[in-house]
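Enquirer: structure of the sequence below:
(one chain, ligands or ions: 1)
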Amino acid sequence: MIGYGHQCIDETDISAVLKVLKSDYLTQGPFVSEFEQKICSITGAKYCVSVSNATAGLHIAVAALEIENGSEGITSPNTFLASSNCMIYNNVKPIFADINPISYNIDPLEIEKKITDKTKILIPVHFAGLSCEMVKINAIAKKHGLYIIEDAAHAIGSQYADGSYVGNCKYSNMTVFSFHPVKTITTGEGGAITTNDEELYQKLLMLRSHGTTKDEGKLTKNPGPWYYEMQSLGFNYRMTDMQAALGCSQLEKLDSFKKRRREIIKQYNDAFSKMKYLKIPVEPDNVCSCFHLYVTQIDFASLGKSRSQVMQELRDRGVGTQVHYIPIHTQPFYKKKYGYREGDFVNAEKYYEQELSLPLYPGLSDEDVKMVIKAVKEVIE
Ligand SMILES: Cc1ncc(COP(=O)(O)O)c(C=O)c1O
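Expert: You can find the predicted model right below:
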């Protein structure tokens with residue numbers, strides 16, 4: 001059975017983790033800072049704070065901005081829950097702006113329509129790895145005095161339209177990555193926040209570790225070497241050294257992972273581009289995405305099969321699929337707490353109705369890809 005996503009772990013990854021297990025530090029050791037430095041050199045950002053997962057990263061990224069209670073933040077309805085839940089954790093109301101029906105990313109024109117005098121933050125999500133229209137989003141943020149946190153959970157290794165790398169924070173205050181096993185590189189669970197702002201960096205370091213500091217320059221007194229102070233309310237969101245060592249080893253393969261993902265996508269696109277009921281994903285000419293997902297749109301109604309039926313028929317042929325994403329505003333919690341309803345964001349809802357993600361990960365062999373193509377053609381043509 002081929003799943004829609006899967007980690008790629010080799011012997012070098014395994015020995016990197018074993019090395020940590022045999023060392024003195026399982027956490028707060030040397031690999032965490034090595035991993036953070038590597039993320040900085042890959043993205044071009046000045047600072048990086050690794051965290052236990054991207055949800056934790058988004059939580060403290062919003063917290064670090066110290067936005068007043070009752071403010072509003074805008075994100076896409078077509079994303080995983082964490083992109084908007086991170087605002088609720090910080091007493092910021094999540095507002096959604098509909099997606100562009102071609103890129104499936106948040107539409108800058110829709111963002112403009114949702115801005116009120118309470119809006120303080122924008123959280124664009126680089127969905128499936130494809131970078132958002134950051135020049136436009138950055139211009140909106142500047143015009144209205146808003147912060148930007150990029151949710152780049154899907155987008156390590158992706159590039160913006162100007163060729164620079166997602167996470168360099170030239171268009172935002174912070175960027176958050178995820179290293180969950182189905183993502184492009186993995187640390188098991190794990191995440192990282194990048195920023196070019198030293199003040200935010202210092203706040204993130206404290207928020208990751210119970211709001212404490214041992215930094216002599218920051219202490220209100222210094223009775224001795226044991227002393228630390230809690231100066232804000234933080235969390236234990238630290239990454240372990242086992243995770244960081246795995247992350248360092250995985251980052252060495254980021255380019256080859258990206259290359260293989262793009263090769264598979266080309267094979268799929270060549271095979272599926274003329275299908276009647278299936279629409280392939282679009283990548284604008286000037287954007288180079290490190291695709292995390294292969295998202296298709298299937299006209300189930302015209303095909304005469306339900307999505308469940310298509311998923312089952314593909315499963316019977318050994319092909320696993322998934323749906324990304326159920327629009328967040330249609331979740332019972334969001335409806336009850338904020339009064340959202342079906343019909344509020346028509347592009348995201350229409351997209352969701354037709355979405356099916358096909359297997360995409362570097363470990364797929366050419367044979368596997370051929371097998372997926374054959375199964376898709378049998379079931380969907
Ligand atoms: C867009 C997006 N943001 C945030 C997250 C949260 O990532 P994590 O599982 O590392 O907490 C995910 C996870 O799937 C995601 O897809």
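Enquirer: now do the residue nearest to residue 197 when sequence neighbours are not counted against the ligand, distance only.
Expert: What sits nearest to residue 197 in space, not counting adjacent residues and going by C-beta to C-beta, 6 or more residues apart in numbering, is residue 173, at 6.3 Å. In this view, the C-beta of every residue, glycine as well, is placed from N, C-alpha and C. Applying C-beta to the nearest ligand atom, to the nearest Å, the value for residue 173 to the ligand is 17 Å.
Enquirer: pLDDT wise, what is residue 173 at?
Expert: For residue 173, the pLDDT comes out at 99.
Enquirer: contacts only, for it.
Expert: 65, 147-149, 195, 197, 200 (C-beta atoms under 8 Å, 6 or more residues apart in numbering).
Enquirer: same thing with residue 151?
Expert: With C-beta under 8 Å, 6+ apart, residue 151 has these contacts: 54, 58, 75, 79, 82-83, 123-126, 176.
Enquirer: again, but for residue 181
Expert: 5-7, 188.
Enquirer: quick check: residues of this structure near the ligand?
Expert: 53-55, 79-80, 82-83, 125, 151, 153-154, 178, 180, 191 (C-beta under 6 Å from any ligand atom).
Enquirer: what does stretch 305-320 contact?
Expert: The contact list for stretch 305-320 (C-beta under 8 Å, 6+ apart) reads 1-4, 298, 300, 303, 321, 323, 356, 358-359, 371-372, 374-376, 378-380.
Enquirer: distance from that stretch to the middle of the chain?
Expert: Its chain's C-alpha centre and that of stretch 305-320 lie 27 Å apart, by C-alpha atoms, centre = their mean, to the nearest Å.
Enquirer: what's the answer for stretch 270-283, then?
Expert: 24 Å.
Enquirer: now that stretch: buried residues?
Expert: For stretch 270-283, a neighbour-count test (16 or more other C-beta atoms under 10 Å) marks 271-272, 275, 277-278, 280-281, 283 as buried.
Enquirer: need the worst-confidence member of those.
Expert: Out of those, that is residue 283, at 93.
Enquirer: that one: what's it in contact with?
Expert: 130, 289.
Enquirer: what about it, distance to the ligand?
Expert: Relative to the ligand, and taking C-beta to the nearest ligand atom, residue 283 is found at 18 Å.
Enquirer: three-state assignment of that residue?
Expert: coil (DSSP: H, G, I helix; E, B strand; the rest coil).
Enquirer: and it, its phi and psi?
Expert: Residue 283 adopts backbone torsions of phi -120, psi 120, taken as degrees, to the nearest 10.
Enquirer: sorry, back to before: looking at the contacts of residue 173, state which has the most neighbours.
Expert: Using other C-beta atoms under 10 Å as the neighbour criterion, residue 149 leads the contacts of residue 173 with 28 neighbours.
Enquirer: ok, what's across the strand from it?
Expert: Legend: beta-bridge partners of residue 149 under DSSP bridges are residue 174.
Enquirer: my read: residue 50 touches residue 36, true?
Expert: Yes: here residue 50 reaches residue 36: they are 5.4 Å apart, a contact under C-beta atoms under 8 Å.
Enquirer: and which of the buried residues of stretch 270-283 is nearest to residue 134?
Expert: residue 283 (15.7 Å; C-beta to C-beta).
Enquirer: with only the CA atoms kept, save the strand or helix carrying residue 310 in PDB.
Expert: Using DSSP states H and E, residue 310 sits in helix 307-316. Extracted C-alpha coordinates of helix 307-316, given in PDB (Å, rounded to 0.1, in the frame of the first residue of the first chain):
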ATOM      1  CA  ARG A 307     -15.000  10.700  -3.400                       C
ATOM      2  CA  SER A 308     -15.300   7.800  -0.900                       C
ATOM      3  CA  GLN A 309     -15.800   5.400  -3.800                       C
ATOM      4  CA  VAL A 310     -12.800   6.800  -5.700                       C
ATOM      5  CA  MET A 311     -10.600   6.600  -2.600                       C
ATOM      6  CA  GLN A 312     -11.800   3.000  -2.000                       C
ATOM      7  CA  GLU A 313     -11.200   2.000  -5.600                       C
ATOM      8  CA  LEU A 314      -7.700   3.500  -5.500                       C
ATOM      9  CA  ARG A 315      -7.100   1.800  -2.200                       C
ATOM     10  CA  ASP A 316      -8.100  -1.600  -3.700                       C
END
